[in-house]
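[1] here is a sequence together with a model predicted from it:
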Amino acid sequence: MDNTTAKVSCFARVYHFENNNVHIFADSMAKKILGEDYDRIAASMSQ
């Protein structure tokens, strides 16, 4: 996956799934799809 918008959208789905009790959209595969990009996006978002 080379599309930055798609990666950030996928990251948002993972973050929501892992950090909220109420799941509007439960995406348990998004983190596997992102792989190492998950950590890079998380670091970028926290800066």
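    Received it, and whenever you're ready, just let me know what you need. Residues are numbered from 1 along each chain as shown.
[2] C-alpha from now on. contacts and neighbour counts both.
    Fine.
[3] which stretches in this structure count as helices?
    Secondary structure of the chain (DSSP state H): helices at 4-19, 30-34, 37-46.
[4] could the ones you listed be laid out in JSON lines, adding mean pLDDT and mean neighbour count?
    Formatted as JSON lines, these follow (pLDDT from 0 to 100; neighbours: other Cα atoms under 10 Å):
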{"stretch": "helix 4-19", "mean pLDDT": "90", "mean neighbour count": "16"}
{"stretch": "helix 30-34", "mean pLDDT": "90", "mean neighbour count": "17"}
{"stretch": "helix 37-46", "mean pLDDT": "92", "mean neighbour count": "12"}
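[5] spell out for me which residue occupies the centre of the protein.
    What sits nearest the mean C-alpha location of the chain, by Cα atoms, centre = their mean, is Phe11, with 1.6 Å.
[6] how about that one: what's its closest non-neighbour residue?
    Leaving out its chain neighbours, the residue that sits closest to Phe11 by Cα to Cα, 6 or more residues apart in numbering is Tyr38, at 6.4 Å.
[7] run through the residues that contact Cys10.
    Ala30, Lys31, Leu34 (Cα atoms under 8 Å, 6 or more residues apart in numbering).
[8] I'd guessed the residue nearest to Phe11 sits against Met45; true?
    No - the pair Tyr38 / Met45 is not scored as a contact, 10.5 Å apart, by Cα atoms under 8 Å.
[9] and Asn21, how far is that from Asp2?
    For Asn21, the distance to Asp2 equals 30 Å [Cα to Cα, to the nearest Å].
[10] also Gln47?
    22 Å.
[11] try His23
    Going from His23 to Asp2 by Cα to Cα gives 27 Å.
[12] who's more crowded, these two?
    Using other Cα atoms under 10 Å as the criterion, His23 and Asp2 rank with His23 on top: 12 against 6.
[13] in contact with the more buried one, which residues?
    With Cα under 8 Å, 6+ apart, His23 has these contacts: His16, Phe17.
[14] so what does it have for phi and psi?
    phi -100, psi 110 (degrees, to the nearest 10).
[15] what's the pLDDT at it?
    For His23, the pLDDT comes out at 77.
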